[in-house]
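Enquirer: please find the sequence and the predicted model below.
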Amino acid sequence: MATQLKNLSDFSHTTVPDGKPYKFAIAVAEWNAEVTGALYNGALETLIKHGVKEKNILSVAVPGSFELTGAAEILLKKHPHLDAVICLGCVIQGETKHFDFICDAVANGLTKIGIKHAKPVIFGVLTTNDQQQAIDRSGGKHGNKGDEAAITAIKMAHLADSL
């Protein structure tokens, strides 16, 4: 089905484990706050909906998406009890190559941190062509990437716990 016709955050086809036994951190970028705030709200609500206790959710804000890698590293070093870190941000294509450098650095950085710590580090960063696409994916017609990131965190924490 074409993306324009689909709610990307529909998890009705899959089973989501109980989140009660897990501890999560959410790092959210302040840049593009309208979008990242909606991503954060979606992730937080989804974690709680799936049984995660509010006391088991640590939230931190960082200036922009680039800083998510540093936040994930700090969180996992300072809080080794975390089962996963959810990183939320939004990078919108501009007229320069800045978009490419930031998106590549964040994706690679978060992957490396997850491998280094053997913990799920979830890439909940929108990389869109324009503001409307970001809005559509942060609670609009295509769902909320924050919801998706939270579900992914629960599933990956469960996977790590069950192996």
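Expert: Perfect, I can see it now. Residues are numbered from 1 along each chain as shown.

Enquirer: all contacts plus neighbour counts: C-alpha atoms, from now on.
Expert: Fine.

Enquirer: quick one: name whatever helix or strand follows the lengthiest helix in the chain.
Expert: Using DSSP state H, we find that the single longest helix of the chain is helix 98-117. Remark: after helix 98-117, the chain's next helix or strand is strand 121-128, criterion DSSP states H and E.

Enquirer: packing partners for the very next helix or strand once past that following strand?
Expert: Proceeding N to C from strand 121-128, the next assigned helix or strand is helix 131-136, under DSSP H and E. Counting contacts by 3 or more C-alpha pairs under 8 Å, 6 or more residues apart in numbering; DSSP states H and E, helix 131-136 packs against strand 84-92, strand 121-128.

Enquirer: ranking those strands by burial, who's on top?
Expert: strand 84-92 (a mean of 27; mean count of other C-alpha atoms under 10 Å).

Enquirer: chain center to that one: distance?
Expert: 4 Å (C-alpha atoms, centre = their mean, to the nearest Å).

Enquirer: make JSON lines out of the helices and strands packed on helix 131-136 and add mean pLDDT and distance to Gly42.
Expert: Shown next, in JSON lines, are these (pLDDT from 0 to 100; distance: least, C-alpha to C-alpha, whole Å):
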{"stretch": "strand 84-92", "mean pLDDT": "98", "distance to Gly42": "11"}
{"stretch": "strand 121-128", "mean pLDDT": "98", "distance to Gly42": "11"}
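
Enquirer: most remote residue from the protein's center?
Expert: Most distant residue from the mean C-alpha position of the chain: Glu95, 25.7 Å away (C-alpha atoms, centre = their mean).

Enquirer: could you list the low-confidence segments of this protein?
Expert: Across the chain, the ranges flagged by pLDDT under 70 are 1-6, 8.

Enquirer: quick check, central residue of it?
Expert: With distances taken as C-alpha atoms, centre = their mean, the residue of the chain nearest its centroid is Gly124 (3.0 Å).
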